[in-house]
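> model the structure of this input:
(chains A and B)
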Amino acid sequence: MPEEKIRILIAKPGLDGHDRGAKVIARALRDAGMEVIYTGLRQTPEMIVEAALQEDVDAIGLSILSGAHMTLFPRVIQLLKEKGLDDVLVFGGGIIPDQDVPELKRLGVRGIFGPGTSTDTIVEFVREEIRRHRAGEPRQ
Amino acid sequence: MFDRKELERIEADRRRWEDTTLKESLKRLPECREKFITVSGEPVQRLYTPADIAGVDFNRDIGWPGEFPFTRGVHPTMYRSRPWTMRMFAGFGTAEETNARFKYLLKHGETGLSVAFDMPTLYGYDTDAPEAAGEFGKCGVAVSSLADMEILFDGIPMGEITTSMTINAPAAVIWAMYLVAAEKQGWKMEQLGGTIQNDILKEYIAQKEFLFPPKPSMRLIVDTIEFGSKHVPKWNTISISGYHIREAGATAAQELAFTLADGMTYVEWAMQRGLDVDEFAPRLSFFFNAHMDFFEEIAKYRAARRIWAKVMRDKFGAKNPRSWWLRFHTQTAGCSLTAQQPENNIVRTALEALSAVLGGTQSLHTNSMDEALALPSEKAVTIALRTQQIIAHESGVVNTVDPLAGSFFVEALTNRMEEEANRYFREIEALGGVLPAIEKGYFQRQIAESAYRYQREIDTKSRVVVGVNEYVAEEPLEIPLLEMDREGERRQIARLQRVRAERNNEAVSQKLAALEEAARGTQNLMPFIIEAVREYATLGEICDVFRKVFGEYREPVYF
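Residues are numbered from 1 along each chain as shown, chains lettered A, B, ... in the order given. All right, here's what the predicted structure looks like:
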């Protein structure tokens, strides 16, 4: 049986208009064979979680460069829990200071990718996380 | 510049050189790479000779600084008479914090101000709007009402310093606040100098901080151009910007072409309003990026001046030589900075700044080393400013005008830039112009394509970025980052609420109603905005009027 394609939502929360990174990542994941849905700009956490539900995605990638991540990422995670979507893989990227990373990880953001990350690294990360999840292996 | 006989002799000699000296050398010492390309992916030849600029006519194409086509600069003496304006883009947190940063920069030799606004302000929201959650003061200073603007410039003589404000969709409102704040300091509008970015086309194309659909946005811009030309004659009412187009991933030629195409669109709209081109064109200004490819950038600036001069004179019939000038501000490339080994960014910025100076910029912002991590710390911004001062006072590059003119390579690149820009102009024209091309996603796709190519070059290491994909070192960050006042947001909201409580709310309602009525008609909106601002109507309230009348724009999504 062919392996089910990974479905992934790339989302831009908040007011931030910097979409270069989000688009590059969306394109790289698509080129790697995943089904990618890009939300476009100015999404509230509610809109993002609703899209994740509707599109039945395996993962959500949040891109933010405005500095509002400590408000918006936790809200996305909380809403996912409320909708029973805790098993959706959440990762993020953008301008996120090192000091914020432990708290975001504790909340359930599985990966944070800053400037200079290779797209190959992110593709590998998503594949590996989803493989583990589908195999029923516990998340590390 | 060379007669045909001379060129034939040079060509013959080139073939001889290739067959002898070069051939021998390549046998012993092959070249490191198969192809050499610029940051934009354009091929670069091993060597340039007079044959590469055979068609160049010195007087027609290079010419004299201060004269058409201004390839060598808009001023005859350039930096020998006046150095560029050292203008550092700054803003964070509250108006009080940013006011202190402005004073610090002025004390250390900055010669012009440049305001960065926070996200809610850029989107026309007050600090306490639900849409503003988490965004206060993060990317710039929050200005929700005239009260904030008064604090921002407290103790700074607004009639003596020039101020650039990076504000786009709500530019008319923020400009009105500036004009009224200056009036309260005792200055007349005709004394005020500065720039509002006010370039909405590049927002749709690249930076994406738009509010309203293109047509009402263009109307607001023409309103400011018209108002400025009549009442604030020293103000640059628009800064037509390639910077953000480049940051979003465009190549140098795309940055150049898309920016100038935007510029032509503003000129067309203003002329359609019935304005005389020579009345407003001298106040148009430009803003370009300085990326890492040194010569490509210099060629871009030189080509920009030459193209614009021709367009203004020949396409739009401008007669005042000042209308032919392309004056520009430059900022070094934020997207070239690395979060890894951030001290290296000082060197990147210095090289980029040098290219802007050799390209004849009128003002310059140099990025701070820590900007891939956070807003700049005082230490980092001081080094960035000192970088400009070292170029101006120590390097000697200011001693002569356009020092790279006549370089076979630079002139050939300048020509290529112009040709590529003309090719893009034809493509945009074929789509029906800039506005239809935006709605069709043309620019967005072109830029996304270039951004992806660049990222793949880095991922596959065909392009080396020091500290990122080569010369990587796992070392702890050793530079201090900016700490903002944690109580800032609370204090800002308290002030906003006090403003709303203490102002004459009846007058505010009247002024907003008058603005709404005017917005539904065709009158120039600037006087109505100024009246509302004077009564302390907030940014959010005024933009809500526009949101109601004009609607909000949603872009087509591509990646």
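> quick one: B:Q45 and B:D52 touch, right?
Yes - counting by Cβ atoms under 8 Å, B:D52 is a contact partner of B:Q45 at 7.5 Å. (C-beta placed from N, C-alpha, C; glycine too.)
> looking at the two, which is more packed in?
B:D52 (17 against 11; other Cβ atoms under 10 Å in any protein chain shown).
> and the closest residue to the more buried one other than its chain neighbours, its phi and psi?
Nearest non-adjacent residue to B:D52, counting by Cβ to Cβ, 6 or more residues apart in numbering or on different chains: B:A412, 4.2 Å away. The phi/psi pair for B:A412 (degrees, to the nearest 10) reads phi -70, psi -40.
> chain A against chain B: which residues are in contact?
A:10, A:14-20, A:22-24, A:26-28, A:30, A:36, A:38-41, A:66-72, A:95, A:97-98, A:114-116, A:118-120 (Cβ under 8 Å from any Cβ of the partner chain).
> just the buried residues of those.
Buried by 16 or more other Cβ atoms under 10 Å in any protein chain shown: A:10, A:14-20, A:22-24, A:26-28, A:36, A:38-41, A:66-69, A:71-72, A:95, A:114-116, A:118-119, out of these.
> let's see which of these end up in helices.
Filtering these for membership in helices, criterion DSSP state H, returns A:20, A:22-24, A:26-28, A:69, A:71-72, A:119.
> which one of these is nearest chain B?
Using Cβ to the nearest Cβ, A:T71 comes nearest to chain B of those, at 2.7 Å.
> gap between the closest one and B:G317?
From A:T71 across to B:G317, the span is 52 Å (Cβ to Cβ, to the nearest Å).
> neighbours of the closest residue to B:D148 other than its chain neighbours, how many?
In space, and not counting its chain neighbours, B:D148 is closest to B:A95: 4.5 Å by Cβ to Cβ, 6+ apart. Applying other Cβ under 10 Å, we find 25 residues neighbouring B:A95.
> residue contacts, B:A95?
When contacts are counted by Cβ atoms under 8 Å, 6 or more residues apart in numbering or on different chains, B:A95 touches B:141-143, B:148-149, B:151-152, B:492.
> how much space separates it from chain A?
Using Cβ to the nearest Cβ, to the nearest Å, we find B:A95 at a distance of 18 Å from chain A.
> check B:E487 too.
To chain A, B:E487 is 17 Å away according to Cβ to the nearest Cβ.
> how about that residue, phi and psi?
Main-chain torsions, B:E487, degrees, to the nearest 10: phi -90, psi 0.
> next, count neighbours for it.
11.
> so for it, what's the pLDDT?
On pLDDT, B:E487 comes in at 91.
> what's the answer for A:Q140, then?
Reported pLDDT at A:Q140 in the predicted model: 60.
> now do the strands in the stretch 401-550 of chain B.
Under the criterion DSSP state E, counting those that start in this stretch, the stretch 401-550 of chain B carries no strands.
> which ones are touching the residue of it found nearest chain A?
When scored by Cβ to the nearest Cβ, the stretch 401-550 of chain B has B:V468 as its residue closest to chain A, at 4.3 Å. B:V468 sits next to A:116, B:338, B:340, B:458 when contact means Cβ under 8 Å, 6+ apart.
> ok, and the closest non-adjacent residue to it?
Using Cβ to Cβ, 6+ apart and skipping the chain neighbours, the partner closest in space to B:V468 is A:G116 (4.3 Å).
> with B:P120 instead?
Leaving aside its sequence neighbours, B:P120 sits nearest to B:A132 (Cβ to Cβ, 6+ apart; 3.7 Å).
> that neighbour: how many residues sit nearby?
Residues lying near B:A132 (other Cβ under 10 Å) number 24.
> centroid residue for chain A?
A:G61 (1.8 Å; Cα atoms, centre = their mean).
> first-to-last residue distance for stretch B:157-170?
End-to-end distance for stretch B:157-170, by Cα to Cα, to the nearest Å: 24 Å.
> and the pLDDT at the residue of the stretch 401-550 of chain B closest to chain A?
95.
> spell out which parts of the stretch 401-550 of chain B neighbour chain A.
Counting by Cβ under 8 Å from any Cβ, the stretch 401-550 of chain B comes close to chain A at B:448, B:451-452, B:455-456, B:458-459, B:465, B:467-469, B:477, B:481.
> on that earlier part again, what sits against the residue nearest to the centre of chain A?
If you count contacts by Cβ under 8 Å, 6+ apart, A:G61 has them with A:8-11, A:22, A:25, A:29, A:91-93, A:122, A:126.
> out of these, which are buried?
Applying 16+ other Cβ under 10 Å to the contacts of A:G61 flags A:8-11, A:22, A:25, A:29, A:91-93, A:122, A:126 as buried.
> can you put these in CSV and add pLDDT and distance to B:L220?
What follows is those, written out as CSV (pLDDT from 0 to 100; distance: Cβ to Cβ, whole Å):
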residue, pLDDT, distance to B:L220
A:I8, 98, 39
A:L9, 98, 35
A:I10, 98, 32
A:A11, 97, 30
A:A22, 96, 28
A:I25, 97, 34
A:L29, 97, 38
A:F91, 98, 39
A:G92, 97, 35
A:G93, 96, 34
A:I122, 97, 40
A:V126, 97, 43
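> so the closest residue to chain A within the stretch 1-150 of chain B: helix, strand or coil?
Closest approach of the stretch 1-150 of chain B to chain A (Cβ to the nearest Cβ) occurs at B:G134, with a separation of 2.7 Å. Here B:G134 takes the coil state, with states given by DSSP: H, G, I helix; E, B strand; the rest coil.
> ok, and the closest non-adjacent residue to it?
Excluding the flanking residues, the one nearest B:G134 by Cβ to Cβ, 6+ apart is A:T71, at 2.7 Å.
> I'd assumed B:A133 was in contact with the one you found.
Yes - using Cβ under 8 Å, A:T71 is in contact with B:A133, at 5.6 Å.
> for B:R503, grab phi and psi.
According to degrees, to the nearest 10, B:R503 has phi -80, psi 170.
> now stretch B:360-372 - C-alpha only, CSV.
Provided in CSV are the C-alpha atoms of stretch B:360-372 (Å, rounded to 0.1, in the frame of the first residue of the first chain):
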residue,chain,number,x,y,z
GLY,B,360,25.4,57.9,-5.3
THR,B,361,22.7,57.5,-2.6
GLN,B,362,21.2,60.7,-1.0
SER,B,363,20.7,59.0,2.4
LEU,B,364,21.5,55.8,4.0
HIS,B,365,20.5,53.4,6.8
THR,B,366,22.9,50.8,7.9
ASN,B,367,21.5,47.7,9.6
SER,B,368,22.7,46.6,13.0
MET,B,369,24.5,43.3,13.5
ASP,B,370,21.7,41.9,15.7
GLU,B,371,18.7,42.5,13.4
ALA,B,372,18.3,38.9,12.4
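> is chain A contacted by that stretch?
Yes - counting by Cβ under 8 Å from any Cβ, chain A has neighbours in stretch B:360-372: B:A372.
> and that stretch, how far from the chain's centre?
Centroid separation between stretch B:360-372 and its chain, computed with Cα atoms, centre = their mean, to the nearest Å, is 11 Å.
> hmm, the residue nearest to B:V468 is touching B:L337, no?
No - judged on Cβ under 8 Å, A:G116 makes no contact with B:L337 at a distance of 9.9 Å.
> shared neighbours, the two?
Both A:G116 and B:L337 lack any common contact, where contact means Cβ under 8 Å, 6+ apart.
> and the nearest residue to B:P50 once chain neighbours are set aside, helix, strand or coil?
Excluding the flanking residues, the one nearest B:P50 by Cβ to Cβ, 6+ apart is B:F2, at 4.8 Å. Assigned with three-state DSSP, B:F2 falls in the coil class.
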